[in-house]
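Student: sequence below, structure please.
(2 chains)
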Number of protein chains: 2
Amino acid sequence: MYTIGVDIGGMSVKVGLVDERGVIIANNRAKTEKEPEKMVEILAGQINNLLKENNLTVKDVNGIGIGCPGTITGATGVIEYANNLGWHKVPLGEMLKKYIDVEVRISNDANVAALGEAIYGVAKDYNSAIMFTLGTGVGGGIILDKKLYEGNESKGAELGHTTLVLDGEECTCGRKGCIEAYVSATALIRQTKQAMEQNKESKMWEFVGGDINKVDGRTAFETAKLGDKSAELVRDNYIKYLAESMMNMFNIFRPEAFILGGGVSAQGEYLTSRLKDYCEVRHYGYQGTPKVEILIATLGNDAGIIGAAALLK
Amino acid sequence: MYTIGVDIGGMSVKVGLVDERGVIIANNRAKTEKEPEKMVEILAGQINNLLKENNLTVKDVNGIGIGCPGTITGATGVIEYANNLGWHKVPLGEMLKKYIDVEVRISNDANVAALGEAIYGVAKDYNSAIMFTLGTGVGGGIILDKKLYEGNESKGAELGHTTLVLDGEECTCGRKGCIEAYVSATALIRQTKQAMEQNKESKMWEFVGGDINKVDGRTAFETAKLGDKSAELVRDNYIKYLAESMMNMFNIFRPEAFILGGGVSAQGEYLTSRLKDYCEVRHYGYQGTPKVEILIATLGNDAGIIGAAALLK
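Tutor: This next block holds a predicted model:
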């Protein structure tokens, strides 16, 4: 039996035929359409093509899993609001079923990424795992007993929108001082630029060819590796922000594993070793508690498709 | 069928015979013993007396539920560490079974209080609920799908030990700026005393008869009701700390209900109406999300026994 995994992004819609081991057997991609009706028609075509090309029919799949940015009500399959797509109250599940009558499950992209890692990826040997995706924002995913926890109306798991610094930096959500405002790639870029403004001698300037607009999530980390003091300070503060955010989640969930995904997580061991050191000294957040494994997501660009397919597990 | 509920506190051990509706049919109480062996012997006696007095035998009970302060490993029934009791690695479940051979389940007092409210108390009509007990510290309880979530080795649900203010007030746990350091009764007393020191004209002085050592968790709230500006400021700051802490939990869990227990929760509607107003303006933490009901715990002094019995549900 196969599952169709769909990864809807702001630029493209990726569809994959996923087997029971979580391996993508075949896949295709189309441009994202802003018009929901048209998008669903194209998506149905993508799925049917994939089945046909692999000599399969609808009877060979147990369902379609979809990961999508934005606010989603899982139970009804409605995309309530997706800023990237310009979608508002789109009953995606129902619309797609008119073309292909199988079970459709939908969740947001951060949830789906976490589920994929928990079922098929780096956390597959752990029962409970919490994930942060460190990108433009901070997505959160909660896996308890191998199942996605989404909260009432699927509106929970907004881990990035919890306070780290009361009355701190403005967050995109309207609150202040959220985790997202300190540990997203966007926040890291802001922190890097501030440090550069304060030290015109920093090697970070060289790293971006003198153009502060070229700063990205790698600038401080890569320059810290060259021994630049300002960059090291940005890195160490970022580690502190992230480790304290993670320890909050440790104390709440005491998961077996914590997964880091998104752009910043590409620092891999360089990042996790520092996070582990920080957490170790502080008993991983609370005295007498078990360690939490800190892992880097491994599904990469396939996380969306594989995680979406995992919704049918 | 009945359940034995046991509430172990620093001063006394309360045992109750609880029926299937969560009603305490009979109960007794003994002084807490620091010596575990002796304590268990007394506890077994309390339970046997309760059964005998009600013409019941061990066959009429489905098990013993125990709520206890400290760090507990639920799976093994071991009290890892209970500061109040001076207990360290006490295999309470195993020890008690030598006297009475029925199923024994143990969890910490905050978890048990939350479970009691969720099964038999104010949140019995809700599927998911998060609880803060606002006492000397801040206990946390997580109820998902009517079940207690305790985390790996039962070491999660330490909701009070998550950061509200990075590098803020020292917390008992060793971290800084935890929720507990801002919204416990202890923190409220500290905030009240600070305001009194800053304003010697405040009516709060009158309320405590000029003796700052008589300040308790009611001082600021009760004096605010008389229109004292300093007291109102303490109250409003406290509401902000608590509401922001709660909104963190809303964004993480999006529970159907939030339960407040412990000393400060005695303010009832005076407290909840202000919390609701604060959260309402801020969309209960995140835009487009469902409201979370804010409830006051109703089981009061019986919460320990009833909640402990609920562990067998």
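Student: for residue A:67, give its distance to chain B.
Tutor: Relative to chain B, residue A:67 is positioned 19 Å away (criterion: C-beta to the nearest C-beta, to the nearest Å). The way it works is simple: take the backbone N, C-alpha and C, and place the C-beta from them, glycine included.
Student: surely that residue is in a strand?
Tutor: Yes: Residue A:67: assigned to a strand according to DSSP: H, G, I helix; E, B strand; the rest coil.
Student: and it, what are its bridge partners?
Tutor: residue A:7, residue A:107 (DSSP bridges).
Student: show me the contacts for the nearest residue to residue A:61 once chain neighbours are set aside.
Tutor: By the measure of C-beta to C-beta, 6 or more residues apart in numbering or on different chains, the closest residue to residue A:61 outside its immediate chain neighbours is residue A:2, 5.0 Å from it. If a contact means C-beta atoms under 8 Å, 6 or more residues apart in numbering or on different chains, then residue A:2 has A:17, A:18, A:19, A:20, A:25, A:56, A:60, A:61, A:62 as its contacts.
Student: hmm, residue A:308 is touching residue A:104, no?
Tutor: No: taking contacts as C-beta atoms under 8 Å, residue A:308 lies outside contact range of residue A:104: 10.4 Å.
Student: anything in contact with each of these two?
Tutor: With C-beta under 8 Å, 6+ apart, residue A:308 and residue A:104 have common neighbours A:65, A:66.
Student: neighbour-wise, which of the two wins?
Tutor: residue A:308 (33 against 21; other C-beta atoms under 10 Å in any protein chain shown).
Student: if I look at the more buried one, how far off is residue A:155?
Tutor: 19 Å (C-beta to C-beta, to the nearest Å).
Student: again with residue A:196
Tutor: For residue A:196, the distance to residue A:155 - C-beta to C-beta - is 38 Å.
Student: not counting sequence-adjacent ones, nearest residue to residue A:80?
Tutor: residue A:71 (4.3 Å).
Student: quick one: the one you found and residue A:155 touch, right?
Tutor: Yes: assessed by C-beta under 8 Å, residue A:71 is found in contact with residue A:155 at 7.0 Å.
Student: residue boundaries of the helices in the stretch 201-313 of chain A?
Tutor: A:203-207, A:219-224, A:229-253, A:269-281, A:303-310 (DSSP state H, counting those that start in this stretch).
Student: per-residue confidence averaged over the first one?
Tutor: Average pLDDT, helix A:203-207: 98.
Student: ok, the last one next?
Tutor: In this model, helix A:303-310 has a mean pLDDT of 97.
Student: what packs against that helix?
Tutor: strand A:2-8, strand A:12-18, strand A:24-31, strand A:61-68, helix A:109-119 (3 or more C-beta pairs under 8 Å, 6 or more residues apart in numbering or on different chains; DSSP states H and E).
Student: report the next helix or strand after the last one in sequence order.
Tutor: Read that as helix A:109-119. strand A:129-134 (DSSP states H and E).
Student: is there proximity between that following strand and chain B?
Tutor: No: using C-beta under 8 Å from any C-beta of the partner chain, strand A:129-134 never reaches chain B; the gap is at least 9.7 Å.
Student: by how many degrees do the following helix or strand past that strand and strand B:138-144 diverge?
Tutor: For strand A:129-134, the following helix or strand on the C-terminal side (DSSP H and E) is strand A:138-144. Inter-element angle recorded for strand A:138-144 and strand B:138-144: 70 degrees (by axes from the mean of the first three to the mean of the last three C-alpha atoms, to 10 degrees).
Student: how much does strand A:138-144 deviate in direction from helix A:109-119?
Tutor: Using the same axes, to 10 degrees: strand A:138-144 against helix A:109-119 is 40 degrees.
Student: is chain B contacted by the helix or strand just after strand A:138-144?
Tutor: The first helix or strand that comes after strand A:138-144 along the chain, using DSSP H and E, is strand A:147-148. No: applying C-beta under 8 Å from any C-beta, one finds strand A:147-148 separated from chain B by no less than 10.1 Å.
Student: any idea which helix or strand comes after strand A:147-148?
Tutor: With DSSP H and E setting the assignment, the helix or strand that follows strand A:147-148 is helix A:180-183.
Student: I'd like the average pLDDT over that following helix.
Tutor: 98.
Student: next one: it to chain centre, how far?
Tutor: Its chain's average C-alpha position is 14 Å from that of helix A:180-183, according to C-alpha atoms, centre = their mean, to the nearest Å.
Student: pull the CA atoms of that helix into PDB?
Tutor: Provided in PDB are the C-alpha atoms of helix A:180-183 (Å, rounded to 0.1, in the frame of the first residue of the first chain):
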ATOM      1  CA  GLU A 180      10.400  33.300  17.300                       C
ATOM      2  CA  ALA A 181      11.600  36.800  17.800                       C
ATOM      3  CA  TYR A 182      14.900  35.500  19.200                       C
ATOM      4  CA  VAL A 183      15.700  32.200  17.500                       C
END
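Student: run the angle between the following helix or strand past that helix and strand A:138-144 for me.
Tutor: Moving toward the C-terminus from helix A:180-183, the next helix or strand (DSSP H and E) is helix A:185-198. Angle between the axes of helix A:185-198 and strand A:138-144 is 140 degrees (criterion: the same axes, to 10 degrees).
Student: could you check helix A:185-198 against chain B for contacts?
Tutor: No: counting by C-beta under 8 Å from any C-beta, chain B is not contacted by helix A:185-198; separation bottoms out at 13.2 Å.
Student: what helices or strands is that helix leaning on?
Tutor: helix A:203-207, helix A:219-224, helix A:229-253.
Student: I'd like to know which of these is closest to residue A:174.
Tutor: helix A:229-253 (18.9 Å; C-beta to C-beta).
Student: dig out what the single nearest residue of the stretch 1-150 of chain A relative to chain B forms beta bridges with.
Tutor: At 5.2 Å from chain B, residue A:71 is the closest residue in the stretch 1-150 of chain A, using C-beta to the nearest C-beta. Residue A:71 has these beta-bridge partners by DSSP bridges: residue A:81.
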